[in-house]
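Engineer: compute the structure for the input listed below.
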Amino acid sequence: MFGDFKKHGFDLESTHLCHFLRLSRLTLAVALLYVWFVSFGSQVIKKGQRRLVDRPDRRDLSIFCIGYNMAERYLTNHESLFIRLVPYF
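Structural biologist: Below is the predicted model:
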């Protein structure tokens, strides 16, 4: 999770926000997005699509990064992206 909020994910340090209210709003939005990307990443793994965004010979990416990269792939290819929160079962 530490890396997901740093350079390997949201890169919150580059915002340089100092105002408390703005920083708290951004933190809330990022927390909601984080939960969604983890949920989406777990759906990608469950569907067997992990190979589309992660190396098949070793596991390099977190579940968050898998969800983030797959969402980016969908948006780049103009595919539909459904937003739903489903636990990993």
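Engineer: please make it C-alpha for all contacts and neighbour counts, starting now.
Structural biologist: Fine.
Engineer: what number of residues lie near residue 31?
Structural biologist: The number of residues packed around residue 31, counting by other C-alpha atoms under 10 Å, is 13.
Engineer: check which helix or strand covers it.
Structural biologist: Following DSSP states H and E, the helix or strand that holds residue 31 is helix 20-47.
Engineer: next secondary structure after that helix?
Structural biologist: On the C-terminal side of helix 20-47, the closest following helix or strand by DSSP H and E is helix 63-76.
Engineer: residues making contact with that following helix?
Structural biologist: Taking contacts as C-alpha atoms under 8 Å, 6 or more residues apart in numbering, the residues outside helix 63-76 that touch it are 4, 8-9, 34, 37-42, 44, 50, 52-54, 80-81.
Engineer: which one in this structure is furthest away from the centre?
Structural biologist: Distance from the centre of the chain peaks at residue 19, with 25.3 Å (C-alpha atoms, centre = their mean).
Engineer: now the buried members of the contacts of helix 63-76.
Structural biologist: Members of the contacts of helix 63-76 that pass the buried threshold by neighbour count (16 or more other C-alpha atoms under 10 Å) are listed as 4, 9, 34, 37-42, 44, 50, 53-54.
Engineer: angle of the helix holding residue 31 against helix 63-76?
Structural biologist: 90 degrees (axes from the mean of the first three to the mean of the last three C-alpha atoms, to 10 degrees).
Engineer: start the count at 16 instead of 1 going forward.
Structural biologist: With 16 as the first residue, the last one maps to helix 35-62.
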